[in-house]
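> Structure here, sequence nowhere to be found:
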């Protein structure tokens, strides 16, 4: 298997700089296997393959062509190795050439030029080719480095066509190793060339010498005859006769050849005119060519032709040339106006603007077209922003559905190329329907920012190009126009800064007028407002607006616009974030107020309805929707660290919590007619021990009190703690204060609900004790021996059991707390009734002790210290038992009571229940 050759690598070039057509030696590696393997050679981007000579695989000799680039690489391409690379570069020197109208101290022979590209003499312009060897001896070039020659002869040149020609430079550069004999031969050649130029006029004189002698003899003979005629008279002298003869001969000749001579003169005039037209056809055809090229849009051709005509005929004194050139100037002036109109035309691309500015620069247009373009673009951007606002205001008044969303807008392109994370629950829908449903203000802000993002970058880049001079061509640089315009640009920096400030300030004011009208004065509102504020924007749309403004701020920051010019946008973002926070909290408070309408009274195993979960979900969704506005992007601050905003947010959160608690409190007073109780039910998993008791559950307000108590208990133990964690996670530093105040409020509601329920349940039970004791005219002093617990006590226990069933059906956790409180009231009433009896008979005392002990033992699991103390006081008010028979009877009757009501009393003895006191 053959191994592929490595690509060519150029490691050296000698010399490493020079003028066009300089002979150079290229050295490197893998430069080809032979002359036929070399298929490409370029230096500074110019193809030098035709002048190349392959020597070895490490050496190539060629001549550098007139490349456009001043400095570039040497690229060798071979069939075997492909396109190569270079570790060195060649610097192309462009010698100063003598123009057609420039004065020169060196005479350049136009007929003796040698074309190094075709190896033959050509009689063409001396400015396009190098002169032939003037010394007529072999040239030995490249021995002395060019840099050394430049240092030895500053401001001089070895080029014959240069005004600063130095013979010493030329000899050292081309004949540094030539022998003295060769140099003597070169001197002889120069003398011969000089003698040839002087022999031209002398040879002409020698060839006509005999004619001059014959003419001299004839004139001498005539002179002698005239002197010999001494009798000549004024009239009839030989001179006079000779003059008459000559005049008649002239008249006869004129008569004979008048027509021929006239035709000849006319032909000569026509020939001269044609020669002039042919020689100067460029100038005479130029006006028409300019018109045609302008129509085709070939402005570069027009400018090149104009520069050429200006250099040739700009200062001419020939009338016909002046007339044609004035017509050219008229066409060029019209072109300047046309280009300026196109430059100031809006809208236009940055590429077109730069192109027209370069054209005007090359045409030496008066004034500063680039600055005029900048002013026009500034006014155009401001007008676009104002038009955008007026269109949306008009659309709002007529109730339109809005413009169709532009998928190719600048913001969409930025969003797709560099998406920004969104931290809230708000998500832009994937279809286009969201655009038509969004508020007018939000769509206006998006459209406005899209206008600015699509126009301001080009406006900024145009200014940067204006400052660094890249708008102008080489023609402008040579004429010194660029330096003048750069100076103007530096002087106008403050003016441009004011333009950017005006654009950003107008942008911010328009956004504030749509989203933050309260931040503007009345005068500013008249200019930038006018929006319908009946329906304030919700937090989700404000989040979308913040997202859009952030994208725009990032896009403008990427242009390296100074931060002080974008500070107003940064301040707008901060105000929008604060407004979004407070607005979201306010709307959440309104949503929480309406939660009471969603209460369906359906409880779970723990006696909790969906209301606390709905409240918690509402708060969590609110915090999620605030995630993106609260996130701090580059350069932004945490608005919750601002003391004023922190206090307002804390106050608003506390208000939300209290409103929910108020919402629960309002549910107490609502009747069945005020709310839909058709869905009220209990969890089927709960044990239904007393089905008949809860048969009409949905019709009793006491059950709703229990449900609200259970909800309050759940709020305190779970919901508020979860919300505290979420608040802290989302940056609310006052979460502890918010939860503390909320827990205090819910405890107050809980106490109120509990007291209300206990009052409704304990009062009937307590109130039935005294009538039941003295029913049938019962008297403690005169009563029969006890046979068991009387009915009133059993009825009281059954009522307590019904309360137990009612509470247990809703929430078993509330049972100990409710029953303990009811039993306290019952025991206190029993103690009072016993202490009010003046005296007991033996049977009366035994009956009273039996009933008190039976009641105390039945509710033993729910006794508190207060209820135990009340039972002890009641027993102490009774006479002590004297005989063992009485004690035995008491014990038998107690056992009988417990046995007869065993099924009912079992509800008081759950294993896991302990008395709870709040």
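Great, that's in hand. These numbers come from a predicted model, not from an experiment. Numbers count the residues shown, from 1 in each chain.
> how many neighbours does residue 183 have?
A total of 13 residues lie near residue 183 under the criterion other CB atoms under 10 Å. For the C-beta atoms, the positions are set from N, CA and C on the backbone; glycine is no exception.
> Surely it touches residue 176?
No - with contact defined as CB atoms under 8 Å, residue 183 does not count as touching residue 176 (11.3 Å).
> Run through the helices of the stretch 651-800 of the chain in chain order.
All helices of the stretch 651-800 of the chain, identified by DSSP state H, counting those that start in this stretch, fall at 701-714, 720-729, 735-773, 791-810.
> Of these, flag the one that's most buried.
Between the helices of the stretch 651-800 of the chain, helix 701-714 has the highest mean count of neighbours, a mean of 23, where neighbours are mean count of other CB atoms under 10 Å.
> any idea how far it is from the chain center?
54 Å (CA atoms, centre = their mean, to the nearest Å).
> Going forward, the N-terminal residue is numbered 36.
With the count now opening at 36, the last piece we talked about shows up as helix 736-749.
> Show the average pLDDT along that helix.
Average pLDDT, helix 736-749: 83.
> Can you pull out the low-pLDDT segments for the stretch 236-385 of the chain?
236-244, 261-273 (pLDDT under 70).
> what about the strands in it?
Using DSSP state E, counting those that start in this stretch, the stretch 236-385 of the chain contains no strands.
> Can you name the residues that contact residue 892?
By CB atoms under 8 Å, 6 or more residues apart in numbering, residue 892 lies in contact with 929, 933.
> got the buried residues for the helix or strand containing it?
Using DSSP states H and E, residue 892 maps to helix 877-893. Neighbour counts over helix 877-893 (16 or more other CB atoms under 10 Å) mark 878-891, 893 as buried.
> Out of those, which is nearest to residue 277?
For the buried residues of helix 877-893, the residue nearest residue 277 by CB to CB is residue 893; the value is 182.5 Å.
> which ones are touching that closest one?
Taking CB under 8 Å, 6+ apart as the criterion, residue 893 is in contact with 832, 933, 936, 940, 943.
> Out of these, list just those in helices.
Under the assignment DSSP state H, the contacts of residue 893 contribute 832, 933, 940 to helices.
> Dump those to JSON lines, plus pLDDT.
Listed next are the ones in helices among the contacts of residue 893 as JSON lines, based on pLDDT from 0 to 100:
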{"residue": "832", "pLDDT": "89"}
{"residue": "933", "pLDDT": "84"}
{"residue": "940", "pLDDT": "79"}
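> Output those residues in CSV; the columns should cover distance to residue 292.
What follows is the ones in helices among the contacts of residue 893, written out as CSV (distance: CB to CB, whole Å):
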residue, distance to residue 292
832, 166
933, 172
940, 166
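> which of those lies closest to residue 47?
Nearest to residue 47 among the ones in helices among the contacts of residue 893: residue 940, at 113.7 Å, using CB to CB.
> pretty sure the closest one is touching residue 933, no?
Yes - using CB under 8 Å, residue 940 is in contact with residue 933, at 6.6 Å.
> neighbour count winner among those two?
residue 940 (19 against 14).
> Quick check: the more buried one vs residue 342, distance?
120 Å (CB to CB, to the nearest Å).
> and what of residue 328?
Look at residue 328 and residue 342: by CB to CB, they are 14 Å apart.
> what do you get for residue 402?
Taking CB to CB, one finds residue 402 at 20 Å from residue 342.
> same check, this time on residue 40
If you go by CB to CB, the gap between residue 40 and residue 342 works out to 49 Å.
> what about the nearest residue to residue 746 once chain neighbours are set aside, which helix or strand?
Nearest non-adjacent residue to residue 746, counting by CB to CB, 6 or more residues apart in numbering: residue 647, 5.4 Å away. Residue 647 is part of helix 646-660, with elements assigned from DSSP H and E.
> My read is that residue 394 contacts residue 334, right?
Yes - applying CB under 8 Å, one finds residue 394 in contact with residue 334, separated by 5.1 Å.
> Apart from its neighbours in sequence, what residue is nearest residue 821?
Leaving out its chain neighbours, the residue that sits closest to residue 821 by CB to CB, 6+ apart is residue 882, at 4.2 Å.
> now the one you found: how far from residue 816?
Distance, residue 882 to residue 816, by CB to CB: 12 Å.
> ok, now residue 633?
With CB to CB as the criterion, residue 633 and residue 816 are 62 Å apart.
> Toward the C-terminus, what is the element adjacent to the helix or strand residue 519 falls within?
If you go by DSSP H and E, residue 519 is part of helix 516-526. Counting by DSSP H and E, the next helix or strand C-terminal to helix 516-526 is helix 528-550.
> can you list contacts of that next one?
409, 413, 416-417, 420, 424, 476, 479-480, 483-484, 487, 491, 494-495, 498, 502, 554-555, 559-560, 562-566, 572, 577, 580, 584, 596, 600-601, 603-604, 606-607, 610-611, 614.
> in that helix, what counts as buried?
Buried residues in helix 528-550, counted by 16+ other CB under 10 Å: 531, 534-535, 538-539, 541-550.
> ok, of the residues you listed, which one's closest to residue 902?
Distance to residue 902 across the buried residues of helix 528-550 (CB to CB) is lowest for residue 550, with 63.2 Å.
> Which pLDDT does the model give the closest one?
Here the pLDDT value assigned to residue 550 is 85.
> again, but for residue 198
66.
> Equivalent analysis for the one 5 residues further on, please.
As summarised for this prediction, residue 203 has a pLDDT of 82.
> Then residue 118?
pLDDT, residue 118: 91.
> my read: it touches residue 110, true?
Yes - between residue 118 and residue 110 there is a contact at 6.7 Å, judged by CB under 8 Å.
> Common neighbours of the two, please.
What both residue 118 and residue 110 touch, as defined by CB under 8 Å, 6+ apart, is the set residue 75.
> who has more neighbours, the two?
Using other CB under 10 Å as the criterion, residue 118 and residue 110 rank with residue 110 on top: 18 against 12.
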